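**Student:** From the sequence below, what's the structure:
(one chain, ligands or ions: 1)
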Amino acid sequence: MCGIIGYAGNKDAPEVVLKGLKKLEYRGYDSWGIITGNFDLVKNIGKIGHIQRHDLNLRVHTLAIGHTRWSTHGGVTLENAHPHLSQDKSIAVVHNGIIENYQQLKAMLQKEGFVFVSETDTEVIPHLLQKYYKETQDFKKAFKKMLNKIDGSYAILAIQKGNRGIYFARNGSPLVLGVGKNEYFVASDVPAFLEYSNQVIFLEDNQYGTIGTEEIGKEIQIFDLKTHKKIISNIQTINWKLEEAEKGNEPHFMIKEIKEQQETIRKSVEQSSETFAKTVSMIKDARGVFLIGCGTSYHACLSASYQFAHLAKMHINVVLASEFRNYTSFLNSKSLIIAVSQSGETADVIDAIKIAKEKMVKVLSIVNVKGSTIERLSDHCINMQAGPEICVVSTKAYTAELAILSLLALTLTEKIEDARKKILENISCLPRLIEENTIKLKKLAEKIKNQKSIFIIGRDIAYPAALEGALKIKEVSYIHAEGFAGGELKHGTIALIEKGTPCIILATPETRNLIISNAMEIKARGGFIIGIDQEENNVYDETIIIPNSGCGNALILTIPLQILAYHLAVARGCDVDKPRNLAKSVTVK
Ligand code: M6R
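**Tutor:** Residues are numbered from 1 along each chain as shown. Okay, here's the model as predicted:
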């Protein structure tokens with residue numbers, strides 16, 4: 001995915017767009033570009049984080065659009081960086097998404113003499129706009145014609161020389177308008193302009209329009225792409241605080257977000273009882289429930305399946321969203337899918353929901369980003385209330401997802417008020433746990449930072465925690481890490497244990513005896529044993545003591561692993577908040 005932003009107003013637009021792109025960098029950071037209303041253009045490879053306004057060779061202007069890229073079509077080159085220009089250089093476009101029929105369109109345009117300078121799918125858009133503008137002499141008509149020609153997912157911004165408006169369109173990729181006093185924003189996500197306005201309009205798919213045109217009363221116009229009728233949208237007030245999207249006193253978003261978790265878990269479970277009641281009755285009425293997600297969200301689903309089994313005595317199918325299509329024969333109008341996604345934009349999850357909907361399956365979702373595609377596709381959506389998660393690596397969204405799912409599992413057999421109280425009491429140890437263990441985990445990170453592999457084992461609810469911990473270590477520190485169910489390592493992977501190989505043992509009171517036996521097996525082969533446990537044990541070479549938090553153990557167990565992953569990344573000099581090759585949300589299949 002990529003981040004896009006446009007601004008039209010009285011401020012210095014390049015500055016507003018530069019700041020916005022920095023806030024959107026979690027969406028992609030291969031390259032970036034900004035163009036102003038008088039077509040001053042700057043593009044660069046790499047991250048925009050350190051760039052200052054005075055570094056930009058752009059004259060002051062009141063209109064600009066910008067882009068920060070996570071490459072899909074075409075490598076990381078200056079030519080492939082957005083904005084892309086029409087051949088006559090009168091039109092500029094930034095785009096997030098994929099134009100699926102770009103090869104046909106490119107071939108058609110090339111036959112007509114258009115010369116392409118990039119390998120991107122996006123470049124067909126400005127050329128199509130040039131072609132249709134020549135035909136219609138009306139940029140709005142040209143924009144509509146272009147939209148009718150392209151297939152795929154997109155959030156697009158376009159400007160034309162001498163035309164005061166920013167033209168936008170959304171289909172399948174997020175786009176939100178910000179409304180200020182005589183100033184207008186359009187961006188992939190709210191934090192991009194939250195500093196200036198918390199008044200927003202979440203655009204729906206198949207909507208297009210303009211902001212910033214000088215015609216009085218037409219400063220914001222939104223139309224339906226199918227009917228071309230004007231749409232009156234409600235302006236919503238966003239209650240996110242600016243500080244939530246800032247690092248504050250912390251060096252990285254990752255550690256800030258790790259430390260926020262007691263508060264975000266509280267917010268996630270303290271939502272109205274009605275929201276949960278509807279969900280619980282959907283689960284009770286269903287005949288066959290599927291929990292689906294990707295990456296970290298999948299781990300939250302897997303962990304929750306243990307909670308449903310133990311606490312509610314209920315079997316729930318857990319399926320990776322990208323594999324869900326193999327389960328279609330088991331779907332009917334009585335099935336329910338619970339789609340879990342921080343971003344609400346993950347292509348594999350959207351695909352699974354569409355497959356389910358064809359079979360009349362009910363869709364419940366748990367999503368963090370408001371106004372997302374997954375929220376809109378669902379019959380009912382619970383918002384995670386975790387606030388903006390800026391670090392590409394997910395931490396607080398994982399625990400918010402799991403807290404909500406645990407609450408649902410508990411609420412199947414007890415009153416929601418009791419269930420909520422239980423979870424909140426169980427996680428009240430979190431700030432102390434973080435404070436007491438951070439120095440130890442930092443030292444541990446220093447000790448093992450040069451190891452080539454780290455293994456993590458756990459049984460029962462500690463197994464998904466092991467998978468999640470390994471994912472955190474891999475993505476942020478680039479050390480190979482693998483999570484296993486305690487009983488599995490000896491079925492093959494134990495061959496990789498050498499003298500000093502770090503193996504983290506996640507113990508719970510219910511699983512301790514067996515997991516300690518597994519730890520012994522590893523120790524006997526020379527493994528360096530790190531216990532994350534409620535008590536000391538002779539087998540451990542290092543121990544991180546955590547409290548026994550009952551049904552909160554699934555949440556608690558992951559926290560030391562998140563902190564360890566963070567310190568491993570810092571110790572190895574990695575870019576903590578923007579790991580290589582990753583984007584916050586994977587909007588391609
Ligand atoms: O936005 P989603 O929760 O749907 O994203 C799913 C995964 O792409 C995401 O959790 C990914 O695994 C992160 N890099 C985890 O830190």
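**Student:** What residues does the nearest residue to A571 once chain neighbours are set aside make contact with?
**Tutor:** In this structure, A571 finds its nearest non-sequential neighbour in K449, 4.4 Å apart by C-beta to C-beta, 6 or more residues apart in numbering. Yep, even glycine has a C-beta here, placed from its N, CA and C like the rest. K449 sits next to S477, I479, L568, A571, R572 when contact means C-beta atoms under 8 Å, 6 or more residues apart in numbering.
**Student:** Y478 is in contact with the last one, correct?
**Tutor:** Yes: contact between R572 and Y478 holds when scored by C-beta atoms under 8 Å: they sit 7.2 Å apart.
**Student:** My guess is A312 contacts T413. True?
**Tutor:** Yes: between A312 and T413 there is a contact at 5.6 Å, judged by C-beta under 8 Å.
**Student:** Which one's more surrounded, those two?
**Tutor:** Between A312 and T413, A312 has the larger neighbour count (other C-beta atoms under 10 Å), namely 19 against 12.
**Student:** Can I get stretch 446-462 in PDB, CA atoms only?
**Tutor:** The C-alpha trace of stretch 446-462 is given here as PDB (Å, rounded to 0.1, in the frame of the first residue of the first chain):
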ATOM      1  CA  GLU A 446      22.400  -7.400  23.800                       C
ATOM      2  CA  LYS A 447      23.500 -10.900  24.700                       C
ATOM      3  CA  ILE A 448      21.600 -12.700  21.900                       C
ATOM      4  CA  LYS A 449      21.600 -10.000  19.200                       C
ATOM      5  CA  ASN A 450      24.200 -11.700  17.000                       C
ATOM      6  CA  GLN A 451      22.600 -15.200  17.100                       C
ATOM      7  CA  LYS A 452      21.400 -16.500  13.800                       C
ATOM      8  CA  SER A 453      18.200 -18.100  15.100                       C
ATOM      9  CA  ILE A 454      15.900 -17.800  18.100                       C
ATOM     10  CA  PHE A 455      13.300 -20.500  18.900                       C
ATOM     11  CA  ILE A 456      10.200 -19.900  21.000                       C
ATOM     12  CA  ILE A 457       8.000 -22.700  22.400                       C
ATOM     13  CA  GLY A 458       4.700 -22.700  24.200                       C
ATOM     14  CA  ARG A 459       1.700 -25.000  24.700                       C
ATOM     15  CA  ASP A 460      -2.000 -24.200  24.700                       C
ATOM     16  CA  ILE A 461      -2.500 -20.400  24.700                       C
ATOM     17  CA  ALA A 462       1.300 -19.900  24.900                       C
END
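**Student:** hang on, P388 packs against W240?
**Tutor:** Yes: using C-beta under 8 Å, P388 makes contact with W240 at a distance of 6.3 Å.
**Student:** Now the common contact residues for those two.
**Tutor:** Shared contacts of P388 and W240 (C-beta under 8 Å, 6+ apart): V190, P191.
**Student:** Counting neighbours, go ahead and name the busier of the two.
**Tutor:** Using other C-beta under 10 Å as the criterion, P388 and W240 rank with P388 on top: 20 against 14.
**Student:** Spatially nearest residue to that one (excluding sequence neighbours)?
**Tutor:** A245 (4.7 Å).
**Student:** cool, and D460?
**Tutor:** The nearest residue in space to D460 (C-beta to C-beta, 6+ apart) is T511, at 5.1 Å.
**Student:** How much space separates the one you found from the ligand?
**Tutor:** Distance of T511 to the ligand, given as C-beta to the nearest ligand atom, to the nearest Å: 25 Å.
**Student:** who touches that residue in this structure?
**Tutor:** Applying C-beta under 8 Å, 6+ apart, the residues contacting T511 are G458, R459, D460, A462, G486.
**Student:** Need the max-distance pair from those residues.
**Tutor:** Distances among those were taken as C-beta to C-beta; the most separated pair is D460 and G486, at 8.7 Å.
**Student:** In contact with the residue of the stretch 401-550 of the chain found nearest the ligand, which residues are there?
**Tutor:** With C-beta to the nearest ligand atom, the shortest gap between the stretch 401-550 of the chain and the ligand falls at E475, namely 5.5 Å. By C-beta under 8 Å, 6+ apart, the residues touching E475 are V392, V393, P579, L582.
**Student:** Apply 7 Å and report the result again.
**Tutor:** Contacts for E475 (C-beta atoms under 7 Å, 6 or more residues apart in numbering) come out as V393, P579, L582.
**Student:** count of residues packed around the residue in the chain positioned nearest to the ligand?
**Tutor:** With C-beta to the nearest ligand atom, the shortest gap between the chain and the ligand falls at G295, namely 1.9 Å. Other residues within reach of G295, judged by other C-beta under 10 Å, total 22.
**Student:** what's it in contact with, if anything?
**Tutor:** The contact partners of G295, by C-beta under 7 Å, 6+ apart, come to L471.
**Student:** Near the residue nearest to P388, how many other residues are there?
**Tutor:** Neighbours around A245, by other C-beta under 10 Å: 19.
**Student:** State the pLDDT value of it.
**Tutor:** Note on A245: pLDDT of 75.
**Student:** quick revisit: what's the most distant pair in the contacts of K449?
**Tutor:** Maximum distance among those (C-beta to C-beta): 10.3 Å, for I479 and A571.
**Student:** Compare the two (neighbour count), which wins?
**Tutor:** I479 (21 against 17).
**Student:** Looks like the more buried one contacts I473 (just checking).
**Tutor:** Yes: I479 lies in contact with I473 (C-beta atoms under 7 Å); the separation is 5.7 Å.
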